[in-house]
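**Q** Okay, predicted coordinates and the sequence, questions at the end:
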Amino acid sequence: MWKKTGKILMANSKPQALNPKQYQISKSQFFKIWTTAILLQVFAVAAELNFSASVDRSTVGLGEQVVLTVTVCGENIGNIPTPELPSTQDFTVTNRSSSQSTSIQFINGKMTQQGSISFVYYLSPVKEGNFTIGVCKLTYDGKTYETQPVAVQVIKGSTGGPPATVAPPGTTPVEPGTSLEGELMVIATVSKKTVYQGEQVTAEYNLYSRRNINDLSPPKMPTLNGFWVEPLLTSGRIVFKPLTYNNKPYDVAVIGKSALFPMSSGKLIVDPLSIVVAVVMPPRDFFDVFGTIQNVTVESKPVTITVLPLPLQGRPPEFNGGVGSFAISASLSRASSDNGEPIDLKVVINGTGNIPLIEKPHIPSIPGIRILEPEVKENIQTANDIIKGTNEFRYPILPQADGNYEIPSIRIAYFDPKSSSYKTVETGKLVFVATGTKQAGLTDNQGGLKVLGTDIRFTKPDAPSLQNESFDSDPRLWILYGISAAFIAAALFFRNRQDRLAGDRAYARRAQCKRALNKWLTKVMHHLKKQQVNEYYACLSQSIQNYLGDRYNLETGALTRDRLKSACVQQGIDPQCLQQLLDIIDHCDQARFSPAITATKDPGELFKVAKKLLKAL
């Protein structure tokens, strides 16, 4: 027996009959229950997902793109997160997009919502080789899914065309007979159709659309032969804006923009730009509720530009290829040089125009100093689609003798398209002082015979004890006579040589140059083994100059390169051998003071060549 709220329920009592009216369900209640059950089935999370990754091709050329598609398939995946890509230094992600398709099915009275989401990544390889795109991860509903790794081979050159465009799931090519003329187009425009050679012209590509666009592939930029190209559109984001064209409303977006500098005169063609667009087509019948997505390739029309040649009349000799508006300045890194310390001459050209195509300014030859080839530092900027920037030329200057030096004004000329005339700009004069650059002559140890004196001791004669002996009978005495005569001759030769070494400096330098060269080469090899790069090049250059100076009695430290070459040619040196030695000296100076532009030569091989040339003189 159980007691509840004052009522007694007997265990053996009969149950009361159910009242049917008490459990009747109205039609509205039944509809709510049915709708709730359907919605619970629609929005129920799938237990498992299909997560995979693939590439459009397994072999890609360096400079091309490979498309990685990561696909998620399953039921009710509308809120799926973005997959996690593997970290890699072999590829750079240049663009990304996503697409989604959904299908609803009724099977045995049960409705299922099957979906597929594709995450598309455009990867650009950074080097050649065989690489593996690692595992992509997805964490969803407390579970972690992983894809299989994908192997990609990167080769030099092109694989025969751009990568195929990956279409979102559910897309189809444009059906035959489908016309999108006037509905979807790419129009190329240029800022000027008649320009001078080297003058900037801006090319812009705009996508016009009157259709609903689902996705865009990266545009295929044209080759643009005959132009120096500087890209102006760096952002990967494409923004559409409303615009009226030919009295029709369009959504317009800029998909490409470049600054073009024609390299030659005549008729030049701005090649077409093409892009693949995924367009949402309208429904075809009652059952096609959402419509279909079709891939459409849209291409602009070529544009012809007339390029005028730069006039020859009135062209100054200082013209170095600049077209636009420029200024020039110059400065020295220091006002004095001690013990041959190099000084940097910095020449800066800045302005608007074809700044990347401007050549180095001419620096006149100055006796007493050597001016090496400059290092070039370029800084390109963009302001309101106009290319501007600076070109910095750094010339290392090596003083060859003491004195006060003046660098004259440095002039350049450029062509101004606005006035259709040449203009000249120049820098001010620069001065510096060089001290301690004279090389000391060879310090020779003057030798000779120095007579310290002789002491004569008195010998008491003892005539009876003296015996008369004949020397003719002993041949050993004749050998002793010969040896004594040879020693006397050698002593006289040595004395004469020491006198000549002391009085004839040219003879002394020439006589001792071989020994001095061996000492210098030993020092060079020591620096090479210790990998002391700066000391190695300095010692090798000094060895060559010292040997030439000692061998032919030249003051190499006070001679410029041209005068050194002329003086050596007058001494009868083989011109080809001399030119190779001078090239090695220039290479050593550039390696010390301009390492950024030094040719990649093996130091050990350079030492062998220099040693062989010096031994051959």
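**A** Looks like it arrived, so ask away.
**Q** Show residues contacting the helix or strand harbouring residue 189.
**A** According to DSSP states H and E, residue 189 maps onto strand 184-190. For strand 184-190, the surrounding residues in contact (Cβ atoms under 8 Å, 6 or more residues apart in numbering) are 201-211, 255, 260, 270, 272-275, 277, 279, 296, 298-303, 305. C-beta here means a position set from N, CA and C on the backbone, and glycine is covered the same way.
**Q** Report the strands that pair with that strand, each with its relative direction.
**A** Neighbouring strands of strand 184-190 in its sheet, by DSSP bridges, are strand 201-209 (antiparallel).
**Q** Show me what the very next helix or strand once past the strand it pairs with is packed against.
**A** Where DSSP H and E defines the elements, the next helix or strand beyond strand 201-209 is strand 212-216. Contacts defined by 3 or more Cβ pairs under 8 Å, 6 or more residues apart in numbering; DSSP states H and E place strand 212-216 against strand 91-107, strand 274-281.
**Q** rank those strands by pLDDT, which is bottom?
**A** Among the helices and strands packed on strand 212-216, strand 91-107 carries the lowest mean pLDDT, a mean of 63.
**Q** worst-scoring helix or strand of this structure, pLDDT-wise?
**A** strand 7-9 (a mean of 35; mean pLDDT, DSSP states H and E).
**Q** tell me the average confidence for stretch 388-398?
**A** Mean predicted lDDT for stretch 388-398 stands at 94.
**Q** any idea how far that stretch is from the chain center?
**A** 19 Å (Cα atoms, centre = their mean, to the nearest Å).
**Q** Go through it and flag the buried ones.
**A** 388-391, 393-398 (16 or more other Cβ atoms under 10 Å).
**Q** go on, stretch 330-347?
**A** For stretch 330-347, the neighbour count (16+ other Cβ under 10 Å) marks 330, 332, 337, 340, 342-347 as buried.
**Q** And the contacts of it?
**A** 328-329, 348, 361, 363, 371, 374, 392-399, 407, 410, 427-428, 430-437, 593.
**Q** Mind exporting the C-alpha coordinates of it to CSV?
**A** C-alpha atoms of stretch 330-347 as CSV (Å, rounded to 0.1, in the frame of the first residue of the first chain):
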residue,chain,number,x,y,z
ALA,A,330,76.7,63.5,-53.8
SER,A,331,78.6,63.2,-50.5
LEU,A,332,81.7,61.6,-49.1
SER,A,333,81.8,59.3,-46.1
ARG,A,334,84.7,61.3,-44.6
ALA,A,335,86.8,64.3,-45.3
SER,A,336,90.2,62.7,-44.9
SER,A,337,92.0,59.5,-45.5
ASP,A,338,95.0,58.2,-43.5
ASN,A,339,97.3,55.4,-44.5
GLY,A,340,95.3,54.6,-47.7
GLU,A,341,92.0,54.2,-45.9
PRO,A,342,89.2,54.1,-48.5
ILE,A,343,86.6,56.8,-48.8
ASP,A,344,83.0,56.1,-50.0
LEU,A,345,81.6,58.5,-52.7
LYS,A,346,77.8,58.2,-52.5
VAL,A,347,75.8,59.5,-55.5
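**Q** any idea how far it is from the chain center?
**A** 29 Å.
**Q** go on, stretch 356-369?
**A** 25 Å.
**Q** can you tell me the distance between the two ends of stretch 592-603?
**A** End-to-end span of stretch 592-603 (Cα to Cα, to the nearest Å): 13 Å.
**Q** Quick check: mean pLDDT of that stretch?
**A** On average, stretch 592-603 scores 65.
**Q** go on, stretch 213-233?
**A** Mean predicted lDDT for stretch 213-233 stands at 85.
**Q** For that stretch, buried residues please.
**A** Neighbour-count burial for stretch 213-233 flags 213-222, 224, 226-228, 230, 232-233 (criterion: 16+ other Cβ under 10 Å).
**Q** Among those, which are located in strands?
**A** Counting by DSSP state E, those place 213-216, 227-228, 230 in strands.
**Q** Reformat the residues you listed as a markdown table; add distance to residue 251.
**A** Shown next, in a markdown table, are these (distance: Cβ to Cβ, whole Å):
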| residue | distance to residue 251 |
| --- | --- |
| 213 | 8 |
| 214 | 13 |
| 215 | 15 |
| 216 | 12 |
| 227 | 30 |
| 228 | 33 |
| 230 | 28 |
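**Q** what's the farthest-apart pair in the residues you listed?
**A** Farthest pair in those (Cβ to Cβ) is 214 and 228. Separation: 36.6 Å.
**Q** Let me know the angle separating the helix or strand hosting residue 242 from strand 184-190.
**A** Following DSSP H and E, one finds residue 242 within strand 241-245. Relative orientation of strand 241-245 versus strand 184-190 (axes from the mean of the first three to the mean of the last three Cα atoms, to 10 degrees): 80 degrees.
**Q** quick one: strand 241-245 to chain centroid distance?
**A** Relative to where its chain is centred, strand 241-245 has its mean C-alpha point 40 Å off (Cα atoms, centre = their mean).
**Q** Report the buried residues of that strand.
**A** Within strand 241-245, judged by 16+ other Cβ under 10 Å, no residue is buried.
**Q** can you offset everything so residue one is 106?
**A** Sure, I'll start numbering at 106, so the last one becomes strand 346-350.
**Q** strand partners of that strand, parallel vs antiparallel please.
**A** Each strand paired with strand 346-350, and its direction, by DSSP bridges: strand 353-367 (antiparallel).
**Q** and the angle for the strand it pairs with with strand 332-336?
**A** 120 degrees.
**Q** got the CA positions of the helix or strand following strand 353-367 in PDB?
**A** Moving toward the C-terminus from strand 353-367, the next helix or strand (DSSP H and E) is strand 371-375. This file holds the C-alpha atoms of strand 371-375, laid out as PDB (Å, rounded to 0.1, in the frame of the first residue of the first chain):
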ATOM      1  CA  GLY A 371      57.300  51.600 -82.400                       C
ATOM      2  CA  LYS A 372      53.900  49.800 -81.900                       C
ATOM      3  CA  LEU A 373      53.800  47.700 -78.700                       C
ATOM      4  CA  ILE A 374      50.900  45.500 -77.700                       C
ATOM      5  CA  VAL A 375      49.500  45.200 -74.200                       C
END
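**Q** ok, and what's touching strand 371-375?
**A** Against strand 371-375 from outside (Cβ under 8 Å, 6+ apart): 293, 295, 308, 327, 329-332, 365, 367, 407-412.
**Q** repeat that with 7 Å
**A** 293, 295, 308, 329, 331-332, 367, 407-412 (Cβ atoms under 7 Å, 6 or more residues apart in numbering).
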